[in-house]
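In: Below is the sequence, then the predicted model.
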Amino acid sequence: MSNGNFFDKVAGLYQQINDINKQIDKVYNHAKNKEFRQGVSLAKLIVSGLKSANVPACQRMVLDISLKSKISTLETLATSWMLKIGEAEGLLSRGRSLEKAAESDPLDLQKLTDVLRNYQQAFTLLNEPDVKTALDNVKAKIKQRQTCMSLIQEGERLERDKLFIDALDAYRKAKRIFSTEDIEGKIRRCFQSSQKEAQYKLLLDRAIASACGGDFTGALTTIEAALRQFDRADGVALQQRLNNTIKGKQLYEAATLAEKEGNIEQALNLYDSALKTLPELEEAKVRWAVIAIKREDFNGAIKTLTGMDSPEASYMRGFSYAKLKNWEAAEREWQSLHRIEVATQIETLGKLQARESLLTMKTIEKCVEDGRLDNAETISLHYLNKFGT
């Protein structure tokens with residue numbers, strides 16, 4: 001054998017070893033990516049290729065020395081990978097059986113949750129398209145069932161609140177996902193009640209329109225007729241509201257009559273009753289404040305009118321503050337009013353405030369001259385608190 005031929009064979013042998021090492025690296029890459037089936041197949045090819053290679057004894061010896069340890073490790077790992085494949089296939093098989101069983105009850109989430117757990121465990125062992133597809137499919141089924149169950153629960157809540165038209169819509173949406181006898185029954189039941197609700201809503205809207213137009217008695221008659229056919233909380237609330245409004249206005253009318261006849265105490269009691277029945281009845285607040293002002297109960301008038309923003313309320317609060325010599329508060333109330341008479345009164349307020357200030361200053365000077373320094377100090381503090389420096 002020539003030297004050139006010998007070296008060519010040696011170079012070829014080492015190239016073969018290098019190629020086998022590259023193939024072994026590919027096996028490990030498959031394993032790293034949990035592609036065990038591909039890894040095992042390639043490992044078997046490498047091992048069988050080496051065993052069946054028809055090479056001289058000296059070359060066989062070199063191959064054994066160079067690759068024996070790696071091949072032994074590879075065979076051991078391939079065996080463990082086969083076990084992982086078997087475990088994953090077992091999980092997939094159990095998952096498919098559970099998934100098939102879950103089809104009998106489309107609203108049973110527990111079975112699908114068990115399916116999901118099996119597929120997830122299989123996917124942690126084996127990265128294959130079939131496993132990923134099975135996992136994604138069961139996730140989609142769970143989401144679909146959750147949506148359906150959520151719609152059913154929403155329908156049941158609406159049904160309890162006697163909102164049958166909305167409940168019917170929720171049940172029909174659920175049916176488009178899964179059609180079950182239970183959902184069909186809910187739809188039939190709601191459809192019958194929704195007919196009564198539709199008629200009720202017409203009467204409810206009519207009653208509200210009458211009330212907005214000031215016909216409270218007509219509105220009450222309409223809503224009572226509606227409630228006899230279909231009893232619901234919003235109608236009951238409107239009925240109570242209308243009863244309070246009618247009663248409050250009746251008490252107000254009785255109070256104004258008592259006031260005109262000079263029965264002031266009776267009028268005040270009736271105004272109080274009207275406000276307890278209908279707290280936002282501003283007419284009653286105004287009349288109560290008028291009586292309070294006549295009785296010089298200016299603080300009572302201010303308290304009663306607090307929160308009202310009508311020009312009448314602002315004027316009366318301003319008047320009461322003026323009577324209490326709280327000039328700044330009176331001016332604040334009257335500043336928002338634009339009548340000429342009010343402008344004149346604001347100007348008068350300024351004069352009265354200046355006059356009171358001057359009289360107070362003279363009183364302080366007199367106390368100092370007379371040696372009544374304690375009195376001077378007290379009046380001075382009151383002056384500073386009221387008029388500033």
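Out: In hand now; what should we look at? Numbering: from 1, shown residues only.
In: need the helices for the stretch 251-389 of the chain, in chain order.
Out: With DSSP state H, counting those that start in this stretch as the criterion, the stretch 251-389 of the chain has helices at 264-277, 282-294, 298-305, 311-323, 327-335, 340-369, 373-387.
In: Identify the residue spatially nearest to Ala313, adjacent ones excluded.
Out: With Cβ to Cβ, 6 or more residues apart in numbering as the measure, Leu305 is the residue that lies nearest to Ala313, at 4.6 Å, once sequence neighbours are left out. C-betas here are computed from N, CA, C, even on glycine.
In: That neighbour - how many residues pack around it?
Out: Leu305: 25 surrounding residues under other Cβ atoms under 10 Å.
In: So what's the residue count around Asp169?
Out: Asp169 has 17 nearby residues by other Cβ under 10 Å.
In: Quick check: buried residues in the strand or helix carrying it?
Out: Secondary structure assigned from DSSP states H and E places Asp169 in helix 164-177. Along helix 164-177, these residues count as buried under the neighbour rule (16 or more other Cβ atoms under 10 Å): 164-175, 177.
In: do the same with stretch 114-125
Out: For stretch 114-125, the neighbour count (16+ other Cβ under 10 Å) marks 114-116, 118-119, 121-123, 125 as buried.
In: Which one of those residues is nearest to Ala330?
Out: Within the buried residues of stretch 114-125, the smallest distance to Ala330 is 74.9 Å, found for Leu116 (Cβ to Cβ).
In: ok, how many other residues are close to the nearest residue to the closest one once chain neighbours are set aside?
Out: Of all residues beyond its chain neighbours, the one nearest Leu116 is Val138 (5.2 Å), with distances taken as Cβ to Cβ, 6+ apart. Other residues within reach of Val138, judged by other Cβ under 10 Å, total 24.
In: same thing with Ser179?
Out: Ser179 is flanked by 11 other residues according to other Cβ under 10 Å.
In: Next, the angle helix 164-177 makes with the helix or strand containing Ala140.
Out: Counting by DSSP H and E, the secondary-structure element that holds Ala140 is helix 129-160. With axes from the mean of the first three to the mean of the last three Cα atoms, to 10 degrees applied, the angle from helix 129-160 to helix 164-177 works out at 160 degrees.
In: middle-most residue in the chain, spatially?
Out: Among the residues of the chain, the smallest C-alpha distance to the mean C-alpha position (Cα atoms, centre = their mean) belongs to Glu154, namely 15.1 Å.
In: Next, find the distance separating it from Thr147.
Out: Counting by Cβ to Cβ, to the nearest Å, the separation of Glu154 from Thr147 is 11 Å.
In: Low-confidence stretches in the protein?
Out: Regions of the chain meeting the criterion pLDDT under 70 cover residues 1-10, 12-13, 53-56, 59, 336-389.
In: For Gln144, list the residues it contacts.
Out: Ile177 (Cβ atoms under 8 Å, 6 or more residues apart in numbering).
In: How far does the helix holding Ala140 sit from its chain's centre?
Out: The gap between where helix 129-160 is centred and where its chain is centred comes out at 21 Å by Cα atoms, centre = their mean, to the nearest Å.
In: Next, the buried residues of it.
Out: For helix 129-160, the neighbour count (16+ other Cβ under 10 Å) marks 131, 134-135, 138, 141-142, 145, 148-149, 151-152, 154-155, 158-159 as buried.
In: cool, and stretch 26-38?
Out: Neighbour-count burial for stretch 26-38 flags 27, 30-31, 34-38 (criterion: 16+ other Cβ under 10 Å).
In: which residues are in contact with that stretch?
Out: 39, 42-43, 46, 74, 77, 81-82, 84-85, 124-128.
In: Return the alpha-carbon coordinates of that stretch using PDB.
Out: Included here for stretch 26-38 are C-alpha records, laid out as PDB according to Å, rounded to 0.1, in the frame of the first residue of the first chain:
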ATOM      1  CA  LYS A  26     -28.300  16.400  16.100                       C
ATOM      2  CA  VAL A  27     -29.800  13.600  18.300                       C
ATOM      3  CA  TYR A  28     -29.100  15.700  21.400                       C
ATOM      4  CA  ASN A  29     -30.600  18.800  19.800                       C
ATOM      5  CA  HIS A  30     -33.800  16.800  19.100                       C
ATOM      6  CA  ALA A  31     -33.800  15.700  22.800                       C
ATOM      7  CA  LYS A  32     -33.200  19.300  24.000                       C
ATOM      8  CA  ASN A  33     -36.300  20.400  22.000                       C
ATOM      9  CA  LYS A  34     -38.300  17.400  23.400                       C
ATOM     10  CA  GLU A  35     -38.400  15.900  19.900                       C
ATOM     11  CA  PHE A  36     -37.700  12.500  21.300                       C
ATOM     12  CA  ARG A  37     -39.200  10.500  18.500                       C
ATOM     13  CA  GLN A  38     -37.000  12.100  15.900                       C
END
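In: Point out the other helices and strands that the longest helix seen in the chain packs with.
Out: Across the chain, the longest stretch assigned as helix under DSSP state H is helix 57-102. Other helices and strands packing on helix 57-102, by 3 or more Cβ pairs under 8 Å, 6 or more residues apart in numbering; DSSP states H and E, are helix 3-32, helix 36-52, helix 109-125, helix 129-160.
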